[in-house]
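Trainee: build the 3D model from these lines:
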Amino acid sequence: MEAILKPPLSSPNKTKTPKPSSFSSCTMSIINKATFLPPLTPHFTTSFSFSAPSRFTSSVIYATPESQLSEGVERTTREWVMQDFYALRKDVETATERVEEIRASASLQLLGKELVDLESKAADSSFWNDRAKAQETLLALTDVKDKINLLNEFKTKVEDAETIVKLTEEMDSIGAALLEEAVNIIKELNKALDLFELTQLLSGPYNKEGVVISITAGAGGTDAQDWAEMLLRMYMRWGEKQKYKSWVVEKSLGEEAGIKSATIEVEGRYAYGYLSGEKEKGSQLANMIKALSRLEAKLLVIAEEQRAPEIKQIRGDAVKAEWGQRIRNYVFHPYKLVKDIRTGFETSNIASVMDGELDAFIKAYLKYKYSMNVSATGVH
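Mentor: Predicted structure coming up:
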């Protein structure tokens with residue numbers, strides 16, 4: 001479905017700045033893909049720099065004996081290491097509670113029974129008599145296996161972190177390498193837990209599939225075409241960061257700069273579900289059929305044509321580029337801000353957003369959408 005994003009007042013470095021007086025715009029449609037290919041690991045590099053602030057306050061050390069100075073530094077260092085350890089131990093305790101809650105709510109026992117039932121169906125001699133049903137069963141089987149493995153992996157990781165904490169408590173001195181290892185484990189675990197919780201909010205029939213993103217520059221000439229190209233890069237970078245396989249299917253270049261339009265295909269689990277909030281409501285059946293036809297899913301197209309009302313929820317009309325018909329505001333000058341007008345979530349780090357860091361916006365929208373559904377239906 002089409003989404004109109006508010007054009008920037010100015011653009012990042014090394015990108016042509018749209019004129020504030022002109023009305024740059026573009027439309028973007030999100031189309032579900034009824035196919036799935038395993039995601040490929042992308043190859044990209046990021047560079048960063050940091051400076052570690054000194055943990056020691058400045059002081060006068062003239063005439064201070066070297067032994068006392070060394071002793072004072074060691075004591076201060078030990079105090080900071082202990083603070084790091086206590087913070088880590090608290091993080092591990094929090095992660096442990098979170099893993100236990102998620103595993104309990106997921107009901108591993110029921111998942112185990114479902115797995116046995118699906119494996120029994122797959123082993124039946126008549127399993128492939130109905131190929132469509134067989135494919136559906138295999139996908140369900142894969143989902144259940146992946147979910148069980150993921151829940152078990154959560155437990156293993158948090159137990160590894162707990163072991164490091166216990167070992168550290170028993171040691172005479174705290175090893176920085178051990179602390180760093182535990183910190184990394186908890187950091188990655190929390191990311192995985194966040195992602196798992198989000199997938200539980202995606203219960204629609206198409207949410208697990210890949211996605212087609214169509215971007216079209218609107219009114220505004222070269223400025224709008226520049227903005228459309230910036231959005232193209234943003235979504236391509238997002239796909240890379242998710243370790244999805246993504247590529248540009250078609251692209252029409254602008255006369256002077258930027259692009260008139262582009263279509264991206266993204267193959268990855270839950271790609272459509274995550275990006276479903278990047279569209280507005282409406283109906284444009286033709287583009288849905290075109291996308292499916294490009295995937296040679298002709299039988300599925302016929303089936304979808306008979307369910308047009310449902311398709312309206314998947315793929316929408318282009319929305320006119322007008323103020324008020326957008327999902328996010330992008331401001332580059334005189335200050336920096338990206339704000340989702342639906343959820344209220346915002347960030348001043350516009351450079352990272354344009355580099356594909358959309359997860360925070362996606363999480364905020366999915367939680368917002370879930371709460372709206374709960375309010376409307378009264379069902380949790």
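Trainee: does Pro205 count as helix, strand or coil?
Mentor: coil (DSSP: H, G, I helix; E, B strand; the rest coil).
Trainee: can you get me a residue count around it?
Mentor: 10 (other CB atoms under 10 Å). Quick note: C-beta positions are derived from backbone N, CA and C, even for glycine.
Trainee: please, where are all the strands along this structure?
Mentor: For the chain, strands defined by DSSP state E occupy the ranges 2-4, 26-33, 210-217, 245-253, 259-267, 328-331, 337-340, 346-347.
Trainee: any idea of the mean pLDDT in the fifth one?
Mentor: This predicted structure assigns strand 259-267 an average pLDDT of 91.
Trainee: pairing partners for that strand, with directions?
Mentor: strand 210-217 (antiparallel), strand 245-253 (antiparallel) (DSSP bridges).
Trainee: those strands: lowest mean pLDDT?
Mentor: strand 210-217 (a mean of 87).
Trainee: output that strand as CSV, restricted to C-alpha atoms.
Mentor: What follows is strand 210-217, C-alpha atoms only, in CSV (Å, rounded to 0.1, in the frame of the first residue of the first chain):
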residue,chain,number,x,y,z
GLY,A,210,9.0,-11.4,1.6
VAL,A,211,8.0,-7.9,0.4
VAL,A,212,8.0,-5.7,-2.7
ILE,A,213,8.7,-2.0,-2.2
SER,A,214,7.8,0.5,-4.9
ILE,A,215,9.0,4.1,-4.6
THR,A,216,7.8,6.8,-7.0
ALA,A,217,8.9,10.4,-7.0
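Trainee: identify the residues contacting Glu114.
Mentor: Val144 (CB atoms under 8 Å, 6 or more residues apart in numbering).
Trainee: which residues in this protein form helices?
Mentor: 66-106, 108-122, 131-170, 176-199, 221-241, 271-275, 285-294, 298-305, 308-311, 350-354, 359-377 (DSSP state H).
Trainee: which stretch among the strands paired with strand 259-267 is buried most, on average?
Mentor: strand 210-217 (a mean of 25; mean count of other CB atoms under 10 Å).
Trainee: any chance of CSV for the strands paired with strand 259-267, columns distance to Asn184?
Mentor: Converted to CSV, those look like this (distance: least, CB to CB, whole Å):
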stretch, distance to Asn184
strand 210-217, 31
strand 245-253, 27
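Trainee: one step back: out of the helices of the chain, deepest packed?
Mentor: helix 271-275 (a mean of 25).
Trainee: tell me which strands and helices that one is in contact with?
Mentor: Applying 3 or more CB pairs under 8 Å, 6 or more residues apart in numbering; DSSP states H and E, we find helix 271-275 packed against strand 26-33, strand 210-217, helix 359-377.
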